[in-house]
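Asker: Sequence plus the predicted model coming up.
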Amino acid sequence: MALQKLAEFYPNYQEEIFAGDDIKGFDVYAGDSDEKVGTVYDALVDDTGRFRYLVIDTGIWIFGKKVLLPIGSARFDYGSRRVHATGLRSKAQAEQLPAYNELEPLDYDREEQVRGVYRNQETAAASTATPASYDRSSYSYDMDRPLYETNEQQHQNLKLYEERLIANKHRAKTGEVAVGKRVETETARASVPIEKERVVIDRVTPVEAGRVVSVGEADFQSGEVARMEVYEETADIHKEAFVREEVNVRKEVVRSTVEGEETLRREELDVKTEGTAVVDNKNKNI
């Protein structure tokens with residue numbers, strides 16, 4: 001049965017399975033001790049989507065070696081973001097496990113090596129399958145139930161929810177201002193004074209009218225002409241374009257605060273015990 005990485009089978013696994021949480025990065029501890037053996041690097045599921053292994057990055061515990069932990073040998077503590085590897089009890093046992101290489105396919109033989117290490121645990125020896133009872137073609141994960149079945153009593157997860165008032169703002173178009181130009185016409189009048197020259201001929205009787213002139217004094221000539229240039233002004237009324245006004249268009253931001261009020265709900269943990277049951281609440285931040 002081919003195995004796939006968690007995100008390959010469930011692209012939205014954080015929302016679909018863990019309600020927005022993520023087991024990747026959870027600290028892993030050996031058994032019920034406080035000895036940290038690494039962190040959850042990934043998870044592997046079969047072609048039906050069932051969890052089969054956690055990929056544990058042992059970090060400096062075994063020099064960065066990644067090993068597989070059957071899902072039935074893991075107990076989750078979501079509140080503390082911890083995984084207790086109940087089937088991984090010692091560093092020597094982890095060193096016996098084959099290294100997991102995500103670039104190589106996880107075949108039947110490699111899984112058998114992994115199962116062989118966990119089967120040697122005293123807690124699983126009596127109930128797990130033995131190599132003589134199956135072969136490559138007949139093996140089923142159901143034959144190793146303690147390795148692959150989760151104990152619901154140890155994996156119950158109760159989430160407490162609370163409502164929070166989230167203040168966001170959205171930018172929406174409420175209008176538009178178009179600034180353009182239009183041409184208006186009007187009739188204008190202008191006046192300019194002009195001058196015209198005219199020739200005035202005055203004919204008068206001289207004082208010496210009737211006096212007899214001497215011989216040779218009179219000079220009779222024909223064709224004698226007196227010339228005078230005459231000018232006049234003409235009106236030149238036309239229109240020209242001038243810059244009358246300049247318009248600058250800009251925006252200003254007016255800020256104000258909008259207040260809202262809502263009633264928020266929050267779930268609190270209500271623990272009820274019967275008899276001599278002892279509850280150890282490890283989350284001190286509640």
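Answerer: Alright, I've got the coordinates. Treat the numbers as computed from the prediction; the structure is a model and nothing was measured. Numbering: from 1, shown residues only.
Asker: Quick check: chain neighbours aside, which residue is closest to S133?
Answerer: The spatial neighbour of S133 that comes closest, neighbours along the chain excluded (Cβ to Cβ, 6 or more residues apart in numbering), is M143 at 7.1 Å. In short, each C-beta sits where N, CA and C put it, glycine included.
Asker: so that neighbour touches R119, yeah?
Answerer: No: between M143 and R119 there is no contact under Cβ atoms under 8 Å: 10.9 Å.
Asker: Give me the more crowded residue out of the two.
Answerer: R119 (19 against 15; other Cβ atoms under 10 Å).
Asker: Can I take it that E15 is in a helix?
Answerer: Yes: under DSSP: H, G, I helix; E, B strand; the rest coil, E15 sits within a helix.
Asker: ok, which stretches of the stretch 1-150 of the chain are strands?
Answerer: Using DSSP state E, counting those that start in this stretch, the strands of the stretch 1-150 of the chain run over residues 4-5, 27-30, 36-45, 51-57, 66-70, 74-77, 82-85.
Asker: right, so those: which one is the most enclosed?
Answerer: strand 66-70 (a mean of 24; mean count of other Cβ atoms under 10 Å).
Asker: Which strands or helices does that one pack on?
Answerer: strand 51-57, helix 108-119 (3 or more Cβ pairs under 8 Å, 6 or more residues apart in numbering; DSSP states H and E).
Asker: ok, the first one: who's next to it in the sheet?
Answerer: Using DSSP bridges, the strands paired with strand 51-57 are strand 36-45 (antiparallel), strand 66-70 (antiparallel).
Asker: Which one of those lies nearest to E261?
Answerer: strand 36-45 (41.8 Å; Cβ to Cβ).
Asker: mean pLDDT lowest for which of the helices and strands packed on strand 66-70?
Answerer: Looking at these, the lowest mean pLDDT belongs to helix 108-119 (a mean of 88).
Asker: got the buried residues for that one?
Answerer: R110, E111, V114, R115, V117, Y118, R119 (16 or more other Cβ atoms under 10 Å).
Asker: Pick out the most distant pair among these.
Answerer: Maximum distance among these (Cβ to Cβ): 14.9 Å, for R110 and R119.
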